[in-house]
Structure formats: C-alpha cells, structure tokens
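Enquirer: Quick one, structure for this:
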Amino acid sequence: MKEIFILPALISSLVVMNAFADTDHGSHGHHHDSVADPSIGSPGDPDSVSRTIEITMVDNRFKPADITVKQGETIKFVLKNSGKKKHEMMIGTPEELDEHAKTMKKFPDMEHPNEPNMITIQPGKTGQLIWQFAEAGTVNFACPLPGHSKGMLGTINVEAK
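Expert: Got it, this is the predicted structure:
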C-alpha cells in the first residue's frame, strides 16, 4: 500500500523541481546555455582585458549601439545608465535575447545576479561587463526589460584576426 503513495509523491516533486528549473534565473537556470554558445564568446578574464568600451544607456537606446572588436579580444564594457529607468545589457543570440525579453515580461521583477553575459544597472549608476569574443561574426546585445527590448538593441561586429 505504501508504494502506491510514494510514486505519485515522487512524480509531483519532479514536476515541481522542473518548473522551478525553467524559471529560476537567479541560479544556474537555462540562460547559461547562451554562455555555452561559442558564437557569442564567453566571460572574459579581467587580467586579459584588451581595451575598454564605454556605453551609455539612456531610455530606449544604447550609445553607441554598433561596436566593432577583433576576434580574440577581451573587452571591458563600462556601462553608464543615464536614463530614468533600470536597464540591462545582455549579450546573446537574437533568439536568446527574444526569449529572455518574453520571460522578463512575465516576471518583470526577476533578478539574475549570476548571469555572466548580462548586467543590471540602476539609474545614475555605472557597472562593467567583461567579455571575450572568440569567433568572427555578429554578436547581439539588448536590454531585455519589458518595454525596452524593441529599441534598446545593439550589435558587436567581431572582425576576423
């Protein structure tokens, strides 16, 4: 008789754990898949920074929104939020950026402090994100916050060595 109750309890707990795994961006959720995508690069080593690029975040845009780097460079992005709202910079593929924007629309107050490919900057504050660009091509970035993702887009052109 005990076996009958154990199986439904086990199935229920697995379903609940899976639901949390799909929505928990503050820990090791599915957004780390974006970091594993070699086309966008990987978190950079602060001791290996090639150069610094300053980006100003204003309400509805990044300045500059088009950036050029060289393949293999490690860039320190210094992000200054000159706007009146909180902003984020997330590096990813267009699909990842779109998916994260949809998630943020459902959970607008979601925090994600452990995501190496993104940073949140409060109004009037400055932060930094260090990233290495391993492959030539185009890398995208955006502010995935609700109402921001359509206008706050940018591209990083990674030139071949």
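
Enquirer: which outside residues touch the host helix or strand of Met89?
Expert: Here Met89 sits within strand 87-92, counting by DSSP states H and E. Counting by Cβ atoms under 8 Å, 6 or more residues apart in numbering, the neighbours of strand 87-92 from elsewhere in the structure are 34, 37, 40-41, 55, 57, 62, 77, 79, 81, 96-97, 100, 115, 117-121, 129, 131, 139-145, 148, 152, 156. Using the backbone N, CA and C atoms, a C-beta is placed for each residue, glycine as well.

Enquirer: give me that answer again for 7 Å
Expert: With Cβ atoms under 7 Å, 6 or more residues apart in numbering as the contact definition, strand 87-92 has outside contacts at 34, 40, 57, 77, 79, 81, 97, 100, 117-121, 129, 131, 139-145, 148, 152.

Enquirer: which ones are touching Leu79?
Expert: Taking Cβ under 7 Å, 6+ apart as the definition of contact, the neighbours of Leu79 are 55, 57, 89, 119, 121, 126-129.

Enquirer: how about low-confidence regions in the chain?
Expert: Counting by pLDDT under 70, the chain contains low-confidence residues at 1-36, 112-113, 149.

Enquirer: one step back: which of the contacts of Leu79 has the most neighbours?
Expert: Met57 (26 neighbours; other Cβ atoms under 10 Å).

Enquirer: other SSEs contacting the host helix or strand of that one?
Expert: Here Met57, judged by DSSP H and E, is contained in strand 51-58. Applying 3 or more Cβ pairs under 7 Å, 6 or more residues apart in numbering; DSSP states H and E, one finds that strand 51-58 contacts strand 61-63, strand 74-81.
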